[in-house]
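**Q** This is a predicted model, with the sequence first.
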Amino acid sequence: MFKNSKLPPQLPAFNTSLPTWSMVCRAAQASQDCYDSRTLGRKGTYTAANPKEDIKAMIVDDQLIDESRLVIVAIRGTHVRSLTDWAVNKDANPATPAGFLDDEQNACHAGFLQVTKAMVGQVATQLQEHPATASKPSLVFTGHSAGGAVAAMLYSHMLSTSVSSDLTALASQFSNINCVTFGAPPLSLAPLPRREHNSGVFLTFANEGDPVLRLSNAAYVKSLAKLMTASPPSSTANATAAAPAPVKLPLWPTPPAPLTNAGDVILIRDKENGRAAASRVTSDELSDVIFADLAQHGTEMYIRRVNELALDAMMGRDVY
């Protein structure tokens, strides 16, 4: 009912290679697998969360794409019953990444930065011990929601050149390093850029309407809560079938969002025919939107859409 609840219909198209679409689909499934305790034993090496050490649950797996090995590091998002996870999410005040990322002038979500620092050693150990690493495979960090935020920061740290750790020391052992996230919240004052490492990608998939995509501070949360309980604007409430003229939708006033999303943001939504469409969006285009459709945040919606996009790309159909 508000003009800024959606983005314009015409946006720059997103296209990529078939192997990348395959990787995106596998990353989406791995992001969901982190939540499903019934399948964890069959999904690579599972590491349980350790709230006392600020460590999230994760899966390290390897798969084959066109005869090339892909190692997947999937970080679990927020567990609904984990008070530690919610405390991390809430700790959104920007903190300096000095000694951890190249851009020390930037500032990052304090909670996610703390968790990422805590997980570096564990991730490095599992990658170093993984059998597939010996064949110089591709690597992708992935995760849904808060897990995507941590995945993006692990990726950015691993490809940093001015800092060193057990994880940065492993960068040369992979043919390319990628990050693909789904419904990840804003992460830093300035966007974390894609690092050049043998043509790896840094993609943030965002369902249009997913509220987590814009949750960067308490002011935005309060604005969202106010929107949820607000009465319909008069311009839409007074519209009737007898007056089919186009309704001029009002704008919902959104507070400034200090943090931005990481990587190249790919907006996905359904076209009129029901098939998924993918478009590139910028931080400026997202700055004033108010997304409030919780159904858009589920992993099932992300998996369905990226699978459709991958199939359309394989069949030579437009994905925008």
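**A** Perfect, thanks for sending it.
**Q** Stretch 292-308: end-to-end distance?
**A** Taking Cα to Cα, to the nearest Å as the measure, stretch 292-308 stretches 24 Å from start to finish.
**Q** Buried residues in that stretch, which are they?
**A** Within stretch 292-308, the residues that qualify as buried are 292, 296-299, 301-303, 305-308, counting by 16 or more other Cβ atoms under 10 Å. (C-beta placed from N, C-alpha, C; glycine too.)
**Q** Can you tell me what sits against that stretch?
**A** For stretch 292-308, the external contacting residues (Cβ atoms under 8 Å, 6 or more residues apart in numbering) are 5, 21, 24-25, 28-29, 31-32, 35, 144-145, 182-183, 205, 207-212, 224, 227-228, 268, 270, 275-276.
**Q** from the chain's centre, how far out does it sit?
**A** A distance of 12 Å separates the centroid of the chain from that of stretch 292-308, by Cα atoms, centre = their mean, to the nearest Å.
**Q** and if you look at stretch 178-187?
**A** Offset of stretch 178-187 from its chain centre (Cα atoms, centre = their mean): 2 Å.
**Q** Give me the pLDDT for the spatially closest residue to Ala276 that is not a sequence neighbour.
**A** Taking Cβ to Cβ, 6 or more residues apart in numbering, and ignoring the residues beside it in sequence, Ala276 has Arg305 as its nearest neighbour in space, at 3.9 Å. As predicted, Arg305 sits at a pLDDT of 96.
**Q** and what of Ala243?
**A** According to the prediction, Ala243 has pLDDT 52.
**Q** re earlier: out of the contacts of stretch 292-308, list just those in strands.
**A** Mapping the contacts of stretch 292-308 onto strands (DSSP state E) picks out 144, 182, 205, 207, 268, 270, 276.
**Q** can you pick the most crowded of those?
**A** The member of these surrounded by the most neighbours (other Cβ atoms under 10 Å) is Phe182, with 34 neighbours in all.
**Q** The protein: strands as residue ranges?
**A** With DSSP E, the ranges of strands along the chain come out as 45-47, 58-65, 68-75, 94-95, 108-109, 138-144, 176-182, 202-207, 264-270, 276-281.
**Q** Now distance to Tyr155 and mean pLDDT too, for those strands, in a markdown table please.
**A** As requested, the strands of the chain are arranged in a markdown table below (distance: least, Cβ to Cβ, whole Å; pLDDT from 0 to 100):
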| stretch | distance to Tyr155 | mean pLDDT |
| --- | --- | --- |
| strand 45-47 | 18 | 85 |
| strand 58-65 | 14 | 90 |
| strand 68-75 | 9 | 94 |
| strand 94-95 | 18 | 90 |
| strand 108-109 | 13 | 92 |
| strand 138-144 | 4 | 97 |
| strand 176-182 | 4 | 96 |
| strand 202-207 | 7 | 96 |
| strand 264-270 | 13 | 96 |
| strand 276-281 | 19 | 95 |
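**Q** got those as TSV, with distance to Asn15 columns?
**A** What follows is these, written out as TSV (distance: least, Cβ to Cβ, whole Å):
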stretch	distance to Asn15
strand 45-47	34
strand 58-65	18
strand 68-75	21
strand 94-95	34
strand 108-109	30
strand 138-144	19
strand 176-182	16
strand 202-207	12
strand 264-270	10
strand 276-281	8
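**Q** Poorly predicted segments of the stretch 101-250 of the chain, please.
**A** By pLDDT under 70, the low-scoring segments of the stretch 101-250 of the chain are 194-198, 235-246.
**Q** Please, where are all the helices along it?
**A** Secondary structure of the stretch 101-250 of the chain (DSSP state H, counting those that start in this stretch): helices located at 110-129, 146-158, 218-229, 234-237.
**Q** Which strands and helices lie in contact with the longest one?
**A** Packing partners of helix 110-129 (3 or more Cβ pairs under 8 Å, 6 or more residues apart in numbering; DSSP states H and E): strand 45-47, strand 58-65, strand 68-75, helix 83-90, strand 94-95, helix 146-158.
**Q** Return the most buried member of these.
**A** Taking mean count of other Cβ atoms under 10 Å as the contact definition, the stretch among the helices and strands packed on helix 110-129 with the greatest mean neighbour count is helix 146-158, which reaches a mean of 29.
**Q** orientation of that helix relative to strand 202-207 in degrees?
**A** Using axes from the mean of the first three to the mean of the last three Cα atoms, to 10 degrees, the inter-axis angle of helix 146-158 relative to strand 202-207 is 170 degrees.
**Q** Kindly format the C-alpha coordinates of helix 146-158 as CSV.
**A** The C-alpha atoms that make up helix 146-158 are tabulated as CSV, following Å, rounded to 0.1, in the frame of the first residue of the first chain:
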residue,chain,number,x,y,z
ALA,A,146,22.5,-13.8,10.0
GLY,A,147,24.4,-16.8,8.7
GLY,A,148,24.8,-14.9,5.4
ALA,A,149,26.2,-11.9,7.2
VAL,A,150,28.9,-14.0,8.9
ALA,A,151,29.6,-15.8,5.7
ALA,A,152,30.2,-12.5,3.9
MET,A,153,32.6,-11.4,6.6
LEU,A,154,34.5,-14.7,6.5
TYR,A,155,34.9,-14.3,2.8
SER,A,156,36.1,-10.7,3.1
HIS,A,157,38.6,-11.6,5.8
MET,A,158,40.0,-14.6,3.9
